[in-house]
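Trainee: A predicted structure for the sequence below; I have some questions about it.
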Amino acid sequence: MKNQRTNKAAMLLAIAGLATISLTSCNSEQETKLKNQEVSIAQMKSELVSKENEFNEVLNLMNQVEGQVAAIVKKHELIADTESGKKSSKDKLIKELDMIGTLVDESNKTIAELNGKLRNSNLKTSGFQKRINQLTADLEERSALIIDLKDQIEMKNEQFQVIAGLYDSVQIQSANQVRVISDKEQEIELLNGLNDNLNTVRYAVGSYKDLKERGLVTKERGFLGLGRSIDLNESANDDEYIKIDIREFNKLPIEASQVQLISEHPADSYVIIQDENEENIKYLEITVPEKFWKVSKYLVISTKS
């Protein structure tokens, strides 16, 4: 009986020991699992933080390039308005287009950096890539527009140079024509002056005494009508004569009972006509002006009442 009790106690002790060992082993496994889970959670948190940083970095770059493209579009619209309004000079337009070109280059660099970030990150966002592709296409279109605008400006500048050259040529021709016209006008004026001078004649009418007192005649011989002659004074003052134009003078009324031409004129170039109503009125009518004035440009008529 005593041995059976001893064996039974030994068995109980053994079972208790095994239970203790088993419990200790379970606790150790649980602790290991908990530690592994904590490590996994920490790793997941770290990955989430990393992905969030990558996402924010990509988003900032996207916002930056979209802002750059928006600035390019605005500047392009301003240039288009300026070009249509013709308020800006060629140099200013070229400068502004170069500035836009610089913005396009900077935007392309930002897009390249953005693509690199997406490739090197674990982000799998097709929306980002679509937006990048759209921005790239827009920049390519802007670059093409810049080249086209520069070509148009250069072409218009060449056209302006041609027009300016034509204008200068026209100005030179106009100046030459003005000089020619001025020369012609001077020639015409000179010719008119000469013509007026050639067609200018002078006449004087009066008694012999009056003509002598005015210094128009110098001497006499014999008696008027009986061999008496009167000579004109070649040094007489022209102011004592009446100046007339041959082209406007062909008939001269004379109040006198007798008239005599002291100056020399061909007899067949004029006639003296008696007025039909007034006995003391005579008319000197010049019938052939060219012939009448050929000998002398001075007409002196002596009268007697």
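Mentor: Nice, I can see it.

Trainee: just the buried residues of the host helix or strand of residue 107, please?
Mentor: If you go by DSSP states H and E, residue 107 is part of helix 90-120. Neighbour counts over helix 90-120 (16 or more other Cβ atoms under 10 Å) mark 93-94, 96-97, 100-101, 103-104, 107-108, 110-111, 114-115, 117-118 as buried. (Glycine included, C-beta is placed from N, CA and C.)

Trainee: so which of those would you say is closest to residue 191?
Mentor: Checking the buried residues of helix 90-120 against residue 191 by Cβ to Cβ gives residue 93 as the nearest, at 56.8 Å.

Trainee: how near is the closest one to residue 149?
Mentor: Distance of residue 93 to residue 149, computed by Cβ to Cβ, to the nearest Å: 8 Å.

Trainee: re the thing from before, same question for the helix holding residue 107, mean pLDDT?
Mentor: For helix 90-120, mean pLDDT is 75.

Trainee: could you do stretch 136-153 as well?
Mentor: 73.

Trainee: re the thing from before, helices or strands up against the following helix or strand past the helix holding residue 107?
Mentor: Downstream of helix 90-120, the first helix or strand assigned by DSSP H and E is helix 126-198. For helix 126-198, the helices and strands in contact under the criterion 3 or more Cβ pairs under 8 Å, 6 or more residues apart in numbering; DSSP states H and E are helix 2-85, helix 90-120.

Trainee: now helix 126-198 and helix 90-120, what's the angle there?
Mentor: Interaxial angle, helix 126-198 versus helix 90-120 (axes from the mean of the first three to the mean of the last three Cα atoms, to 10 degrees): 170 degrees.

Trainee: and the next helix or strand past helix 126-198?
Mentor: Note on helix 126-198: by DSSP H and E, the next helix or strand toward the C-terminus is strand 200-207.

Trainee: hang on, residue 207 packs against residue 301?
Mentor: No: the pair residue 207 / residue 301 is not scored as a contact, 10.2 Å apart, by Cβ atoms under 8 Å.

Trainee: which of the two has more neighbours?
Mentor: Taking neighbours as other Cβ atoms under 10 Å, residue 207 and residue 301 compare with residue 301 leading, 20 against 13.

Trainee: got the phi/psi numbers for the more buried one?
Mentor: Phi and psi for residue 301, reported as degrees, to the nearest 10, are phi -120, psi 130.

Trainee: do the same with residue 280
Mentor: Main-chain torsions, residue 280, degrees, to the nearest 10: phi -90, psi 10.

Trainee: that one: neighbour count?
Mentor: Residue 280: 13 neighbours (other Cβ under 10 Å).

Trainee: what's near enough to touch it?
Mentor: Contacts for residue 280 (Cβ atoms under 8 Å, 6 or more residues apart in numbering) come out as 255, 256, 257, 305.
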